[in-house]
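A.B. asks: Structural data only, the sequence is not supplied:
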């Protein structure tokens, strides 16, 4: 029997109600029939029957299918199998193995994972990674099929969300069929380790929670004006003098750990080394990198953006970004380019002279362009693509749409900006409506959920250039003490918006699922804050 | 030498600057002279010299003075001595005892605590408890003098805040004299365990943080519409049916634990059992307690406030509050009385009939008064005073100013309300400007800090009726996952406003001290969120 009782794209809640009498007539108890999995984000298609299958924590296993292209040497999956076994059954369970009861119902003995194409087991995910999967849960073996390991990871998360406990505490799952794939290929979380240093543990826990919400990009805003925690091999003084302290740095071992942990969860790590503005901390460990500011003919002792007129600047950037391109495996690097304050450049007589020589007139945007174009060339020579903040586009820097992605972050008129950026042929990622550092009283997740990223004027070709979005938790007021409850489950709203179908917009349904999903996160060790009044089952 | 370098009531920061050259001339290194203890809340008077005294984690001890009225049988102080030894020296220190170095400077060997009056060692604190103390830190013995243990607790906190570590990691303290007492005797934190259940651990951690900020009242809004976690002996069904689950209750052992833990920190626990509104959860385990609502002549199945017309209501309340008065030792109980919705009373024909019989006309305020007056009589018969929300006063319930304290909570025109309440001779506690559940972006602690509780029109007699205030963290959006970083250090701003002198209002100075104080809280295990960009010394 494969009776549809729940399929969000096909069946409305009222249709479900119409089905209930049918289920009751068929002798199916209402409780079971009414059980609604709190899936988050909602898959593209879910079909369930009221038939319950039982799972034993003692004997249930997740294994490779015989016809899978991945096997026990696929450590990524091995690790995921162990992890999801723990998520499904909890960590503290201690069933009495000697008292195997005769099954109370139909048992499901294993979940078999089949990778049907080249597994990409040892690869890093990228913008084209296939995350689709198909999950069939039926007695006595469930099958999760995906072309790549990335889809398998997403399917394992969905499987773990389908299992629940009946009123006797037994682990059960309904007969289910899920077909699923993401709406957008770029689903990011931005963390900021410059305004406050985040311990490794907090970053790893963030990656865990990202996997629970099917996010796939960690946008690591690693350095900024306030501190430079990235420990460079070529320029150790950058963190030696630019970090808050010698303890507030990320060593290469730390970064390696983050990269591995992320890869195992199908998450890309895109580092942002923002310049020429937001670089105050760079100047502490790298002499003559920043522009000296003047008051009249006197140096003030203060420094402005990176000095764009010196050859030494570009020598430094070449060496530095060559290192960065080797440390971070992702094929994109974020180059920043936002909020460049021209006043210091204007004050500096050498810069003024350079402007004249270059014939830039009074256009400091041209000077910025000069800098960014050289920087982009440097990074391109390492075979990396780049992301930039919208000002780089707004200021008409010549960019190559094949290698540059423009990130839209400004709060007002972002629809217009999406329109302009995509009209110029650039791929784009949206952040504007998802600045999670702006907190407010009440259920602001609804505001994030409400956003429709493609609601701007443009052709379908333009819409296809929207790769996705990023929930940004800037760090001015955030450190390890409050990051987790501030990020989750508020970011989950963005997670569903970027993964699920466009039609998935029912706020009440989302509220119910998200309430349960946040409790699931809490049970898995993520201190995700409550949506509203209530409690979590222990 | 007893050179004043820091005394907030007497000396301005500019005066301190004038002194600096003097200190430098005297051969005192600037770093030491400039060392400014990050005391929070700021004591009434602090005098310091640049002379440094060294403390050894191995041999330093906190002991009873020979002439103290308290000795080793004063468990409250014994416990505090141990606790503050840990706070001063940290938990993870492991000095090499076999290598006692010759002291690098003058040593301070012990802190002697002298209680000069009846110690009240085994008592519970109350509104008249004396929290004043005097602390003299000099070689080789520091002396903390207080009339009662309550002052000693506050002085120990101050002492612990004076100790810091020099650049070699040695524990040092400046020669110091502190004279201190609170501006207001009622300095509260409100927690809400009905909208979300808070585990015992969270409540105890809150009490720890309260002690660090010299708060002395835990206003425990224990039950409300949403759940009834208080486990009653007389009416076990109240929590049996009214709690979120059987796991979400406070047993008498739990409550005992909270009361003891609070007493040891000089903190009163005032439970609030709000009625006749906000009682939805009471009705689940106590039949006929709530008013049945009607639509026309039909019961709707919904219930409104407590039914004020039945004798059984008052029988229940007598038994219930007799129990509560025995379980909670504080001599005040909070009776609530806010936001009574009259619509259900209006719909109920029996209530209508009763109104007619009593000659109340259409004044449901009179019915509310009828109820509250009977409730207050019941509670008064247990020899407890009571606190009520402002509506009880606004609705002109006859109250006795000797036994009732009116709490001002409404957001608008609270100055007017303070004026009216005190003009009528009632003592009052202010909450309106300190609803910490209303979060917003940025440094809202400044708004809480800015408040001056006595800035309302009234005579000095009226001003004296302002007992203090309470920072309220209502629980709609707060549970164990986010309570701590949301409460601290935002509540600390209220803590200083209620403890320190009226003149202590310098926001920049407060920012610097509070930044350090929040790091101190973090080091002591409280995940207090950051004020702004920066980091804590590890």
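C.D. replies: Cool, got the structure. The structure displayed is predicted, hence computed values, not measured ones.
A.B. asks: which one is whichever residue of the stretch 151-300 of chain A sits closest to chain B nearest to, not counting chain neighbours?
C.D. replies: Proximity of the stretch 151-300 of chain A to chain B (C-beta to the nearest C-beta) peaks at residue A:244, 4.1 Å away. Every residue, glycine included, has its C-beta placed from N, CA and C. Of all residues not flanking residue A:244 in the chain, residue B:535 sits nearest, at 4.1 Å (C-beta to C-beta, 6 or more residues apart in numbering or on different chains).
A.B. asks: coming back round to it: mind checking what secondary structure the residue of the stretch 151-300 of chain A closest to chain B has?
C.D. replies: Taken by DSSP: H, G, I helix; E, B strand; the rest coil, the conformation at residue A:244 corresponds to coil.
A.B. asks: Just give the number of residues close to it.
C.D. replies: Residue A:244 has 21 neighbours, counted by other C-beta atoms under 10 Å in any protein chain shown.
A.B. asks: what's it sitting at in phi/psi?
C.D. replies: Taking degrees, to the nearest 10, you get phi -60, psi -40 for the backbone angles of residue A:244.
A.B. asks: Flag every residue of chain A that's near chain B.
C.D. replies: Proximity of chain A to chain B (C-beta under 8 Å from any C-beta of the partner chain) is limited to residues A:195-197, A:226-227, A:244-245, A:247-248, A:437-442, A:475-482, A:484-486, A:522, A:527-535, A:537-538.
A.B. asks: picking up where we left off before, let me see the contact set for the residue of the stretch 151-300 of chain A closest to chain B.
C.D. replies: The contact partners of residue A:244, taken as C-beta atoms under 8 Å, 6 or more residues apart in numbering or on different chains, are A:197, A:227, A:229, B:534-535.
A.B. asks: go with 10 Å
C.D. replies: Going by C-beta atoms under 10 Å, 6 or more residues apart in numbering or on different chains, residue A:244 touches A:194, A:196-197, A:226-229, A:281, B:533-537.
A.B. asks: Let's have these in JSON lines, adding neighbour count.
C.D. replies: Converted to JSON lines, the contacts of residue A:244 look like this (neighbours: other C-beta atoms under 10 Å in any protein chain shown):
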{"residue": "A:194", "neighbour count": "27"}
{"residue": "A:196", "neighbour count": "29"}
{"residue": "A:197", "neighbour count": "23"}
{"residue": "A:226", "neighbour count": "22"}
{"residue": "A:227", "neighbour count": "27"}
{"residue": "A:228", "neighbour count": "32"}
{"residue": "A:229", "neighbour count": "27"}
{"residue": "A:281", "neighbour count": "23"}
{"residue": "B:533", "neighbour count": "18"}
{"residue": "B:534", "neighbour count": "17"}
{"residue": "B:535", "neighbour count": "19"}
{"residue": "B:536", "neighbour count": "22"}
{"residue": "B:537", "neighbour count": "11"}
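A.B. asks: From those, which land in helices?
C.D. replies: Among the contacts of residue A:244, the ones falling in helices (DSSP state H) are residue A:281.
A.B. asks: Report the beta-bridge partner residues of the residue most central in space within chain A.
C.D. replies: Nearest to the mean C-alpha position of chain A, by C-alpha atoms, centre = their mean, lies residue A:188 at 3.0 Å. Residue A:188 has these beta-bridge partners by DSSP bridges: residue A:217, residue A:470.
A.B. asks: and what of residue A:290?
C.D. replies: Under DSSP bridges, the beta-bridge partners of residue A:290 are residue A:306.
A.B. asks: In this structure it contacts residue A:312, no?
C.D. replies: No. Using C-beta atoms under 10 Å, residue A:290 is not in contact with residue A:312; the gap is 11.8 Å.
A.B. asks: what residues go with each domain of chain A?
C.D. replies: Taking the TED database as the reference, chain A has its domains at A:45-93+A:100-180, A:186-524.
A.B. asks: any idea how far chain B is from the residue nearest to residue A:178 when sequence neighbours are not counted?
C.D. replies: Nearest non-adjacent residue to residue A:178, counting by C-beta to C-beta, 6+ apart: residue A:135, 4.2 Å away. In this view, residue A:135 and chain B are 30 Å apart by C-beta to the nearest C-beta, to the nearest Å.
A.B. asks: Could you work out the end-to-end span of stretch A:238-257 for me?
C.D. replies: 21 Å (C-alpha to C-alpha, to the nearest Å).
A.B. asks: in it, what's buried?
C.D. replies: Under the neighbour-count criterion of 16 or more other C-beta atoms under 10 Å in any protein chain shown, stretch A:238-257 has A:238-239, A:242-244, A:248-250, A:254-255 buried.
A.B. asks: related to what we said a few turns ago, so how far is residue A:157 from the residue nearest to the centre of chain A?
C.D. replies: With the distance defined as C-beta to C-beta, to the nearest Å, residue A:188 ends up 17 Å from residue A:157.
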